[in-house]
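Participant: With the sequence up front, the predicted model follows.
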Amino acid sequence: MSLSTLATRPLEERRSTARRLTAQQSTARRSTTRRSAARRQWWGWLFVSPFLVVFVLFLVAPLIYAGWMSLWRKGLVGKVKFTGLGNYVTAFTDPVFLHGLTRVGLYVLVMVPIQIGLGAVIALILDVAMTRLARVSRLLIFLPYAVPAMVGALMWGFLYSPLFGPLGQLFGIFGASAPTILSPDGVFGGLVNVVTWQWVGYYMIIIYSALRAVDPSLYEAATLDGASNVQISWHIKLPLIVPSMIMCTVFSLIGTLQFYTEPMVLRSSAQSAIPSDYTPNMYAASLGFNQSRFNYASTISFSLGVIVFIGSYIFLFLTRKRNGLR
Amino acid sequence: MKSHTYGRKALACAGATLLAVTTLLSACSSPSGTGTTGTTGATGAAGGDGSCTNKITKASAPQVTVWAWYPAFEEVVDLFNSTHDDVQICWSNVGAGGNEYNRFTTAIQAKSGAPDVIQLENEVLGGYLIQDALVDLTKYGANDVKANYTEGAWKDSSSGDGVYAIPVDGGPVGFMYRQDIFDKYKVAVPKTWEDFAQAAQQLKDAGFQGYMTDYAPNAIAEWQGLYNQAGASTFSFDIANPEKLGVDINSAPAKKVQAYWNDLISKKLVATDDAFTTDWYTKIVDGTYATVVAAAWQPGYLSGIAGADPAAKWVSAPILQWNGAKPAQVNWGGSTFAVTTQAKQPDLAAKVALDVFGNLDAWKIGVEKAALFPTYLPELTSDSFKNLASPFFNGQQINKDVYLPAAQGYSGTVYSPFTTYYYDQMTQANAKMIQGDITSDQVLDQVQDAIVSYATQQGFTVNK
């Protein structure tokens, strides 16, 4: 039946035929779509499978296993027994774990604003200054991120050394003795510096690329209205890059709560300043590998995971109007 | 590693995928490539890595996997393999100390992947005993060779009536000092701990800019030796009754020693640098410390360090004693070979543990190439070892003068089954004492409380 013949039919009939037609057409279309989609999905799974195998084998399965382990308790002597959430009660009343948490909390308060703030300021400056110097400094600031965290921390360990580091010589010129960074009092600042050095470039690049995506006509309009560079930065650029700054903050928050590599490496040259349970992650590693308490180590890891999740969720909830997630 | 970024994660995942694929491929393609075919039980597969660092010359003989980090150990392995037809060593170095222990602990937990024979320091043996990870070697003839080892070393690798490892090297402690510094400031070299405190004050008063020595807050094994010298016996533990543990950290002798050092610290006569850092080694050789309470293995680490004082004249002497007390020798460090319960053929594994360093040819390599201090008496008391002249000490025969009598006079220590935890607690308490937050008595009292509550929580019945 051709569509032109429909025009001569009474309205009622025309409607119902049209309905039938569209229904038929759409069923046909849907079934072919479904078939080809199914085929496409199969191919999709095939392509994803290398990742999926690794993901399940090395992330999902160990997570389930660790979760299961955290429900059991075993002392150094004696039998294993099921305690349900008993280990979690122990964990959240364990002064070592709680102390570690407050310590990384302090790192979050100090380190995250410094990193994101510095990253944003540098990105804003580089966005304005399009000289060769700016391009070189962009690379130089980003470079520490390319250095593995292990190597970076080792290097700083030597730089902080009172004997070999430049600090001793620098302060020596003025006849003063260098601050002992690898001491219980100095190590906090020392670690903040290492991490900031390593990550500012990374956040700078993210924020910088967000800035490059802004339509330049906005700046032209603002310039025509007589706005200065600082005013443009503050009133136009900054509000536009808030979503990417929020993303950086979440990365930084998660990373800092899981603080591990840098204090672990610096510990080799400052054992009395950085105890083996300095951060919750270090505590978990030390429980597992030094003390053979794998059940409790799993509990600590899971508890930390939950706290990281809640922390990130609260932050994203509080910033929900500006985080660009919807 | 910090998981800041998706970029790095993605890269890591890609790498892991590649790795997994190659592992699968190689696992498929080489089921029986190496000399491990035809052997039952104690084969390469049991050693975690499944590949030997050394070359296996007799492919038909059964193999025993060994983890060890001794320097120049490959030559010792080659010597063993060339002299044995019934068994061959398949050796791998999975890292020194803590790195190896991490892997071993994981393998125990996983119930697979441990080697048949493993190098362990004597202070960590107890921790593996309570995990049922080590085999009692008395059934494999360990007691037959007891007379070949120093009394202290043998006790350090035993628990109760069981022998859980064969001693290899030891760390008898001596006292090394800078003769040139004492001469320059016209101070007499101390013979007792009382003299030592006085000499420290005299050196400072005479204008010496450095320190008498270093009180390293993290060198707990060393200070434990000095508590023991003064008469402390901190732990009592016997694997026959694994639930029973005696803890006496805050004993009177330990408190006396701790107070002695805290006094020197508060008078700024001794430094408080962490041990085992690059700075520490440099400060030993550059004249910052006038003396070092040193284990036999320590001088070996000191030659060739940059920044050494060319005027230094080191002399080695026996460890200082407390005035009027019975002379007592001290040990710091030392390692052993133990057989793991994962060994499929423990008799062959025990043979390796017993024989690998149980002859003078192996010890020739151990002493000359690896600078190990033997606990094996035929080597220890041999003329060639006694008369060895140490270049670091300007040709002084330090073995004859100091370390041989120290090794023979040492009577052994009972370690706790959680040495790392105890050391960590002590290190933190020492750091607080150095900062002036707590007194020397509080250090030992607090650690005593912490260890008792930890041990109780871990299922021990603690005898205080």
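Facilitator: Arrived safely, thanks for sending. Numbers count the residues shown, from 1 in each chain, chains lettered A, B, ... in the order given.
Participant: for stretch B:288-303, which positions count as buried?
Facilitator: Going by neighbour count (16 or more other C-beta atoms under 10 Å in any protein chain shown), the buried part of stretch B:288-303 is B:288-299, B:302. From N, CA and C alone the C-beta is placed, and that goes for glycine too.
Participant: how much distance is there from it to the middle of the chain?
Facilitator: Offset of stretch B:288-303 from its chain centre (C-alpha atoms, centre = their mean, to the nearest Å): 15 Å.
Participant: Show me the helices in the stretch 301-450 of chain B, by range?
Facilitator: Taking DSSP state H, counting those that start in this stretch, the helices of the stretch 301-450 of chain B run over residues B:346-355, B:360-368, B:377-380, B:383-386, B:398, B:404-409, B:419-434, B:440-457.
Participant: Could you pull up the residues touching A:Pro280?
Facilitator: A:Phe97, A:Gly100, A:Leu101, A:Val104, A:Leu257, A:Ile300, A:Ser303, A:Leu304 (C-beta atoms under 8 Å, 6 or more residues apart in numbering or on different chains).
Participant: What ranges does the chain have for its strands?
Facilitator: Because you didn't say which chain, this covers chain A. A:72-73, A:81-82 (DSSP state E).
Participant: looking at chain B here, not the other one
Facilitator: Using DSSP E, the strands assigned to chain B run over residues B:63-67, B:88-92, B:117-121, B:158-159, B:162-163, B:166-178, B:235-237, B:244-247, B:291-295, B:314-318, B:331-339, B:461-463.
Participant: Deepest in the core, which of these is it.
Facilitator: strand B:63-67 (a mean of 29; mean count of other C-beta atoms under 10 Å in any protein chain shown).
Participant: That strand vs strand B:331-339, what angle?
Facilitator: Counting by axes from the mean of the first three to the mean of the last three C-alpha atoms, to 10 degrees, strand B:63-67 lies at 150 degrees to strand B:331-339.
Participant: Partner strands of strand B:63-67 and their direction?
Facilitator: Strand B:63-67 has the following sheet partners, assigned by DSSP bridges: strand B:88-92 (parallel), strand B:117-121 (parallel).
Participant: what would these look like in JSON lines with mean pLDDT?
Facilitator: Shown next, in JSON lines, are these (pLDDT from 0 to 100):
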{"stretch": "strand B:88-92", "mean pLDDT": "96"}
{"stretch": "strand B:117-121", "mean pLDDT": "97"}
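Participant: can you tell me the residue of chain B closest to chain A?
Facilitator: Among the residues of chain B, B:Gly459 lies closest to chain A, at 3.2 Å counting by C-beta to the nearest C-beta.
Participant: now that residue: how far from B:Pro167?
Facilitator: 30 Å (C-beta to C-beta, to the nearest Å).
Participant: repeat for B:Ala325
Facilitator: B:Ala325 is 27 Å from B:Pro167, by C-beta to C-beta.
Participant: So, low pLDDT: which residues of the stretch 1-150 of chain B?
Facilitator: B:1-50 (pLDDT under 70).
Participant: quick one, what contacts B:Thr456?
Facilitator: With C-beta under 8 Å, 6+ apart, B:Thr456 has these contacts: B:Val462.
Participant: ok, now A:Gly168?
Facilitator: A:Ser161, A:Pro162, A:Ser177, A:Ala178.
Participant: wouldn't the second one be in contact with A:Gly186 here?
Facilitator: No. With contact defined as C-beta atoms under 8 Å, A:Pro162 does not count as touching A:Gly186 (10.6 Å).
Participant: Next to chain B, which bits of the stretch 1-150 of chain A? Give me the list.
Facilitator: A:Pro50, A:Phe51, A:Val53, A:Val54, A:Phe55, A:Leu57, A:Phe58, A:Gly75, A:Leu76, A:Val77, A:Gly78, A:Ala149 (C-beta under 8 Å from any C-beta of the partner chain).
Participant: Where is pLDDT lowest across the residues you listed?
Facilitator: Lowest pLDDT among these: A:Gly78, with 83.
Participant: Just want to check the distance between it and B:Pro242.
Facilitator: 9 Å.
Participant: Which one's more surrounded, the two?
Facilitator: Shown here are A:Gly78 and B:Pro242; by other C-beta atoms under 10 Å in any protein chain shown, B:Pro242 has more neighbours (19 against 14).
Participant: So which bits of stretch A:58-66 are buried?
Facilitator: Quick answer for stretch A:58-66 (16+ other C-beta under 10 Å): A:Ala66.
Participant: List the contacts of B:Gln458.
Facilitator: So B:Gln458 contacts A:Gly75, A:Leu76, A:Val77, B:Phe418 (C-beta under 8 Å, 6+ apart).
Participant: Spatially nearest residue to the residue sitting nearest the centre point of chain B (excluding sequence neighbours)?
Facilitator: Centrality entry for chain B: nearest residue to the mean C-alpha point is B:Gly333, 3.3 Å, by C-alpha atoms, centre = their mean. Setting aside the residues directly before and after it, B:Gly333 is nearest to B:Gly171 in space (C-beta to C-beta, 6 or more residues apart in numbering or on different chains), at 3.5 Å.
Participant: Next one: stretch B:133-141, is it in contact with chain A?
Facilitator: No. Using C-beta under 8 Å from any C-beta, stretch B:133-141 never reaches chain A; the gap is at least 9.4 Å.
Participant: Would you check which pair of the residues of the stretch 1-150 of chain A next to chain B lies furthest apart?
Facilitator: Between any two of the residues of the stretch 1-150 of chain A next to chain B, the greatest separation by C-beta to C-beta is 44.2 Å, found for A:Pro50 and A:Val77.
Participant: what about stretch B:219-235, start to end distance?
Facilitator: End-to-end span of stretch B:219-235 (C-alpha to C-alpha, to the nearest Å): 18 Å.
Participant: Correction: the previous question concerned stretch B:317-330.
Facilitator: End to end - C-alpha to C-alpha - stretch B:317-330 spans 13 Å.
Participant: buried sites along it?
Facilitator: Buried, per 16+ other C-beta under 10 Å, within stretch B:317-330: B:Ala317, B:Pro318, B:Ile319, B:Leu320, B:Gln321, B:Trp322, B:Ala328, B:Gln329, B:Val330.
Participant: Mean confidence (pLDDT) on that stretch, please.
Facilitator: 94.
Participant: now, which of the contacts of A:Pro280 sits nearest A:Asp215?
Facilitator: A:Leu257 (36.3 Å).
Participant: list the contacts for the closest one?
Facilitator: A:Val104, A:Val108, A:Pro280, A:Leu304, A:Ile307, A:Val308, A:Gly311.
Participant: out of the strands of chain A, nearest to A:Pro144?
Facilitator: Nearest to A:Pro144, of the strands of chain A and by C-beta to C-beta, is strand A:72-73 at 42.4 Å.
Participant: in its sheet, what does the closest one sit against?
Facilitator: Going by DSSP bridges, the partners of strand A:72-73 are strand A:81-82 (antiparallel).
Participant: can you give me the helices in the stretch 101-250 of chain A?
Facilitator: A:132-146, A:149-160, A:166-173, A:187-212, A:216-224, A:229-232, A:238-257.
Participant: Lowest average pLDDT across the ones you listed?
Facilitator: Across the helices of the stretch 101-250 of chain A, helix A:166-173 gives the lowest mean pLDDT, at a mean of 83.
Participant: mind checking how far that one is from the chain centre?
Facilitator: 36 Å.
Participant: just stretch B:62-69 next, same as before
Facilitator: That offset, for stretch B:62-69, works out to 20 Å (C-alpha atoms, centre = their mean).
Participant: Same question for stretch A:185-196.
Facilitator: The answer for stretch A:185-196 is 20 Å, by C-alpha atoms, centre = their mean.
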